[in-house]
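Colleague: let's see this in three dimensions:
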Amino acid sequence: MVSQEQRRRQLAREKFLRQQQRRTSARRKARMRNSVIASVLGVVVIGSLALYTTGVLKNDDDKANANAEVTPSASATGKASDPCEKAAKGSVEKLSWKKEPAITIDKSADYTMKLATTCGDIGLALKTSAAPHTVNSFNFLAGKGYFDHTKCHRLTTNGIYVLQCGDPTGTGSGGPGYTIPDENLKDKSLKNNVYPAGTVAMANTGQAHTGGSQFFLVYQDSQLPPSYTPFGTIDEAGLKVLKEIAAAGENTGAGDGAPNATVVINKATVTKS
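Modeller: Numbering: from 1, shown residues only. Sure thing, here's the model as predicted:
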C-alpha cells in the first residue's frame with residue numbers, strides 16, 4: 001500500500017515532469033519561430049543584395065519582358081518639394097512595330113532633340129554619324145508621338161546619377177517592339193568607364209544589341225561599363241533641369257526608384273539642323 005508520503009512524492013515528480021515538458025515544448029516553439037523569422041530575414045537580405053548588385057542598367061522586370069531595358073543603381077536621398085508643373089493634357093499612344101525602321105536620316109547632317117517636360121526643356125545634340133541607327137530610331141519614334149505624355153520612370157541618386165525615360169508603360173519593361181544595335185561604345189567621351197555628366201545614352205537588357213526606346217540622361221559623372229550607346233549630349237539648361245529633378249529625390253529612399261518630381265515628357269521633337 002502506498003503511503004501518504006510516497007503519494008506526495010509521486011505527485012511532486014509528476015508535476016515536475018509536466019513543467020519540464022511545458023518548458024521543452026515552449027523552447028521548441030521558440031526555436032521554430034526564430035528559425036522562421038531568420039529564414040524570412042535571410043530571404044529579404046539576400047533579395048535586397050541581389051537587387052542591389054544587379055540593379056545597374058538592368059531590367060526592372062526581366063520575367064515580364066525579355067526586352068525590358070535597364071539603367072543604374074543607387075542610395076538614399078532626401079525628398080524635396082516637386083519642382084515640376086502639371087502634365088499637358090493627352091495620353092500615351094500604344095504604338096509598336098515589328099522591326100527597326102529603315103534609315104531615312106541624313107547621316108552627314110546634325111540633328112537635335114528637344115524634350116519638352118513638365119520640369120523644363122531638355123535639349124540634346126545628337127551624334128548622328130557615330131550612332132545613325134539610334135538617332136534614326138529616335139527621329140522615327142518622336143515623329144510618331146511615341147514619347148509624348150510618357151513619364152520618366154527611374155531616378156538614381158548615389159554612385160550612378162541618371163534619369164531614365166522612354167518607356168510608355170512607365171514600368172521599365174516597355175519598348176517599341178524592335179531593338180537596335182549598340183553603337184559608339186568607344187566614344188572618346190567615355191574615359192575610365194565613366195559616362196560624364198551631360199551624356200544621353202541607351203538603356204538595354206544587359207545583353208548586346210537590345211536597345212529599344214528607353215534612354216538615360218546623366219546629370220553627374222557616373223561609373224558604368226561602356227555597354228550603353230552614347231548618342232548625344234545634354235545642353236546646359238537641360239542639365240540644370242535634371243539637377244532640380246535629382247534634388248527632389250526618389251520614392252524609395254534607397255537612391256533608386258521613381259522620381260519624386262512629376263517628370264513627364266509633354267512633347268519630344270527631333271529636328272535636322
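
Colleague: show me the contacts for the most centrally placed residue in the chain.
Modeller: Nearest to the mean C-alpha position of the chain, counting by CA atoms, centre = their mean, stands R154 at 4.7 Å. By CB atoms under 8 Å, 6 or more residues apart in numbering, the residues touching R154 are D60, T71, V162, L163, Q164, G172, F216, D256, G257, A258, P259. For glycine as for every other residue, the C-beta is placed from the backbone atoms N, C-alpha and C.

Colleague: go on, L95?
Modeller: K144, G145, Y146, P168, P176.

Colleague: helix/strand/coil for it?
Modeller: coil (DSSP: H, G, I helix; E, B strand; the rest coil).

Colleague: now do T169
Modeller: Put simply, T169 is coil when judged by three-state DSSP.

Colleague: and if you look at the one 4 residues further on?
Modeller: At S173, secondary structure determined by three-state DSSP is coil.

Colleague: quick one: stretch 123-142 to chain centroid distance?
Modeller: The chain centre lies 22 Å from the centre of stretch 123-142; the measure is CA atoms, centre = their mean, to the nearest Å.

Colleague: which stretches in the chain count as helices?
Modeller: 4-54, 132-143, 236-247 (DSSP state H).

Colleague: least confident of those helices, on average?
Modeller: If the helices of the chain are sorted by mean pLDDT, helix 4-54 sits at the bottom with a mean of 46.

Colleague: contacting residues for N136?
Modeller: P101, I103, T104, I105.

Colleague: so which of these is the most crowded?
Modeller: Top of the contacts of N136 by neighbour number is I105, holding 19 neighbours under the definition other CB atoms under 10 Å.

Colleague: tell me the spacing between that residue and N192.
Modeller: Distance, I105 to N192, by CB to CB, to the nearest Å: 31 Å.

Colleague: might you list the low-confidence residue ranges for the protein?
Modeller: 1-80 (pLDDT under 70).

Colleague: give me the nearest residue to S108, chain neighbours excluded.
Modeller: The shortest distance from S108 to any residue other than its chain neighbours is 6.7 Å, reached at S129 (CB to CB, 6 or more residues apart in numbering).

Colleague: next one: P101
Modeller: Per CB to CB, 6+ apart, closest to P101 is F140, 4.3 Å.

Colleague: just to revisit the earlier point, scan the contacts of R154 and report the most crowded one.
Modeller: T71 (32 neighbours).

Colleague: circling back: which residues does the residue nearest to the centre of the chain bridge with?
Modeller: Q164 (DSSP bridges).

Colleague: quick revisit: dump the contacts of R154 to TSV, plus distance to T112.
Modeller: Below are the contacts of R154 laid out as TSV (distance: CB to CB, whole Å):
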residue	distance to T112
D60	29
T71	23
V162	21
L163	19
Q164	21
G172	27
F216	18
D256	30
G257	30
A258	28
P259	24
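
Colleague: for these, which one is nearest E93?
Modeller: G172 (18.7 Å; CB to CB).

Colleague: how close does that closest one get to G232?
Modeller: 21 Å.

Colleague: ditto for K107
Modeller: From K107 to G232 the distance is 15 Å (CB to CB).

Colleague: now do T104
Modeller: Counting by CB to CB - T104 and G232 are separated by 18 Å.

Colleague: cool, and K267?
Modeller: Taking CB to CB, one finds K267 at 17 Å from G232.

Colleague: and these two? Which one has more around it.
Modeller: G232 (27 against 16).

Colleague: could you tell me which residues make contact with that one?
Modeller: M113, L124, A125, L126, K127, V135, T199, V200.
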